[in-house]
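# Pasting a predicted model and its sequence here:
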Amino acid sequence: MRWRILAFFSFSAFSSGADVPEDGQISSEVAKVLVDTVAREEIPGIFGAITSSEGVIALCSAGVRKFGADVPLKSSDLVHLGSCTKAMTAAVIARLVVEGELRWETTLIEALPETKGAIAPGFHRISLWELLTHRAGVPANAVDWWSYGDLPILERRVALLTKALKRPAPHQRGEYKYSNLGYMIAGCMAERATGKAWEFLIKDRLFTPLGMMSAGFGAPGRIGQVDQPWGHVRAGKNWRASQSDNAPALGPAGRAHCSMSDWAKFLRCYLPEGPDIRLNAEARRKLVTPSGTYAGGWVIGKRAWSKGTVFTHSGSNTMWYATVWVAPSLDRAFSVATNSCNERSHAICDQVIGKLIQIDQRAH
């Protein structure tokens, strides 16, 4: 396949009250950036969006759903969010805190008392907030995420955390060490508090209230069909398409998918005058108040272009890559996703984010 034929693209601009040129100049510029990126980087496809608290300003895609299939991406297609799911899990837990089901200080042993004799004592008092900010000292991952596949999902997650925490903490409690396992454990605590699976909780507390009707779990699309984009990994000079994903047990740490427009609905919650997901002011502040530089599913920092604080995260299941930057002072969120992953993916997404920021700044 010659890469010049990958310049399929689609875009949509929504009249949401934002200052969008009537000729669609913003969307046209975003589309050109994406088309150029696909051609230059020789990737299967890419999505990009600019969002304000009032709605999506521009949403575009370029490339194909599957390498070798020549089926163009649509801007309404689903994307895999990887670890960008973590902010959603933290938001759901914030809802449960507001509802009185959990406390930020709830400890692992309080939530799951039956694990006390099975896990190392150093893990007994780790708190929900320490787990959500990667400061609980737990391992980065389960010993084997695919273990205990015969157990129901709630029991499977408890079995996985019990096995992973048998040995003393590999990291000092309070020290930042990124952990997918930590987010699964936080999900387990939410499951035990409510008696409901994380998958139900995130639909009930987040996806449905926000109208994220496309949201789901695992690889997008029907197996064997090109009805949605496939993920890709490098295979020599070409790409190998795959519909694989991480084990279901990892869900709270990174298995959500949705359309870019539905992702934007969630991102708007972190912008001024964004939608209400029934969080009080204290819970909203907590989610973006970091321990160090990490808060509730977000890396928190400052950038000159943002005129204040920014929230950012990236996610990948090793076949997709997604990146988002939220700038509340600008009332903007910039999001990018690729249906491929290699050593260049992080740089590609960040470069495109930078160009989206420049396009938005020129227009406003």
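Arrived safely, thanks for sending.
# Tell me who's in contact with the residue nearest to Gly231 when sequence neighbours are not counted.
Counting by Cβ to Cβ, 6 or more residues apart in numbering, Gly231 lies nearest to Met319, which is 2.8 Å off, once chain neighbours are set aside. For every residue, glycine as well, the C-beta is placed using N, CA and C. Met319 sits next to His80, Ala219, Trp230, Gly231, His232, Val233, Ser242, Ser244, Asp245, Asn339, Ser340, Cys341 when contact means Cβ atoms under 8 Å, 6 or more residues apart in numbering.
# The fourth one reaches Asn246, doesn't it?
No: under the criterion of Cβ atoms under 8 Å, Gly231 lies out of contact with Asn246, with a separation of 11.1 Å.
# The two: who's more crowded?
The residue with more neighbours, out of Gly231 and Asn246, is Gly231; 27 against 21, by other Cβ atoms under 10 Å.
# Show me what that one is bridged to.
Beta bridges link Gly231 to Ser242 when assigned by DSSP bridges.
# coming back round to it: any common contacting residues for Gly231 and Asn246?
Among the neighbours of Gly231, those also in contact with Asn246 (Cβ under 8 Å, 6+ apart) are Asn317.
# Name only those of the contacts of Met319 that count as buried.
Among those, those classed as buried by 16 or more other Cβ atoms under 10 Å are His80, Ala219, Trp230, Gly231, His232, Ser242, Asp245, Asn339, Ser340, Cys341.
# separation between the last one and Leu250?
According to Cβ to Cβ, to the nearest Å, Cys341 and Leu250 sit 16 Å apart.
# for the fifth one, same thing?
Taking Cβ to Cβ as the measure, His232 and Leu250 are separated by 20 Å.
# Secondary structure element holding the residue in the chain sticking out farthest from the centre?
When each C-alpha in the chain is compared with the mean C-alpha position (Cα atoms, centre = their mean), Gly117 comes out farthest, at 34.1 Å. Taking DSSP states H and E as the definition, one finds Gly117 inside no helix or strand.
# what's near enough to touch it?
Counted by Cβ under 8 Å, 6+ apart, Gly117 has zero contacts.
# Neighbours of Tyr178, how many?
11.
# all helices for the protein, in order.
Assigned by DSSP state H, the chain shows helices spanning 25-41, 85-99, 108-111, 128-132, 153-164, 180-194, 198-202, 208-210, 251-254, 260-267, 281-287, 345-363.
# what's the fourth one packed up against?
Applying 3 or more Cβ pairs under 8 Å, 6 or more residues apart in numbering; DSSP states H and E, one finds that helix 128-132 makes contact with helix 85-99, helix 180-194.
# who wins for proximity to Thr309 among the ones you listed?
Nearest to Thr309 among the helices and strands packed on helix 128-132 is helix 85-99; the distance by Cβ to Cβ comes to 14.8 Å.
# Neighbours of the nearest residue to Arg167 once chain neighbours are set aside, how many?
Nearest non-adjacent residue to Arg167, counting by Cβ to Cβ, 6+ apart: Ala120, 6.0 Å away. Neighbourhood size, Ala120 [other Cβ under 10 Å]: 12.
# Please verify my assumption that Ala120 contacts Lys163.
No: look at Ala120 against Lys163 with Cβ under 8 Å: they stay out of range, at 11.6 Å.
# still on that earlier bit, so which of the helices and strands packed on helix 128-132 is nearest Val33?
Nearest of the helices and strands packed on helix 128-132 (Cβ to Cβ): helix 85-99, 24.9 Å.
# Quick check: beta-bridge partners of Val326?
Those that pair with Val326 in a beta bridge, by DSSP bridges, are Phe311, Ala333.
# Contact partners for the nearest residue to Ala91 once chain neighbours are set aside?
Counting by Cβ to Cβ, 6+ apart, Ala91 lies nearest to Leu206, which is 6.1 Å off, once chain neighbours are set aside. Going by Cβ under 8 Å, 6+ apart, Leu206 touches Met88, Ala91, Val92, Arg95, Met212, Phe266, Ile277.
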